[in-house]
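**Q** Quick one, fold the following:
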Amino acid sequence: MVYKPSEYPRVGPGRYYYIMYENLERTRAGNKVWKPRVKRVYISGKLLRWQKGRVRKRTGETVNGIKLVYENTRKGFKAQRGNTRYSVSRAEMEVAKVVELPKGARNIRLTTSK
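**A** The predicted structure is shown next:
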């Protein structure tokens, strides 16, 4: 059996983005060192802009992290329910996704490659 990557069922213009940052962590010796960390996030549309720092989530809570704003599109289609036929037009909507990061994170970068 051939291995299928995790993005296999996803179609369209979406892609994975990698949020790279450094976090201050304590070692076993008790010292503090900056360690590189990476978070992978899937964006299902075209990325329009991003903002880092203190950002507001959909719940209204303000957190430290990165806010990714992207555009999702929906194809138009025709449907029927009972004897009623209708058509739904093509739509474009702006969607925001917030990824939380540790409070002291530094050197925050957004890339498309590991």
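
**Q** going forward, measure contacts and count neighbours with C-alpha atoms only.
**A** Will do.

**Q** Look up how far Glu100 lies from Val63.
**A** 7 Å (CA to CA, to the nearest Å).

**Q** what's the answer for Ile43, then?
**A** According to CA to CA, Ile43 stands 15 Å off from Glu100.

**Q** correct me, but Ser89 touches Thr73?
**A** No - judged on CA atoms under 8 Å, Ser89 makes no contact with Thr73 at a distance of 10.9 Å.

**Q** Please identify which of these two sits among more neighbours.
**A** Thr73 (15 against 10; other CA atoms under 10 Å).

**Q** Who are the contact partners of Ile108?
**A** Contact analysis of Ile108 by CA atoms under 8 Å, 6 or more residues apart in numbering lists Ile19, Met20, Tyr21, Glu22, Lys52.

**Q** want to throw these into CSV with pLDDT?
**A** Formatted as CSV, those follow (pLDDT from 0 to 100):
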residue, pLDDT
Ile19, 96
Met20, 96
Tyr21, 96
Glu22, 96
Lys52, 93
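
**Q** Next, give me the two most distant ones among these.
**A** For these, the maximum inter-member distance is 13.9 Å, found between Glu22 and Lys52 (CA to CA).

**Q** just checking, Leu24 touches Asn31?
**A** No - Leu24 is beyond contact range of Asn31, at 10.0 Å (criterion: CA under 8 Å).

**Q** Tell me which of the two has more neighbours.
**A** When neighbours are counted by other CA under 10 Å, Leu24 and Asn31 differ, and Leu24 comes out ahead with 15 against 8.

**Q** List the contacts of the helix or strand hosting that one.
**A** Counting by DSSP states H and E, the element that carries Leu24 is strand 15-26. Residues outside strand 15-26 that contact it (CA under 8 Å, 6+ apart): 32-45, 102, 104-114.

**Q** That strand pairs with which strands, parallel or anti?
**A** Neighbouring strands of strand 15-26 in its sheet, by DSSP bridges, are strand 32-43 (antiparallel), strand 106-111 (antiparallel).

**Q** Distance from the chain centre to that strand, please.
**A** Centre-to-centre, strand 15-26 and its host chain are 13 Å apart (CA atoms, centre = their mean, to the nearest Å).
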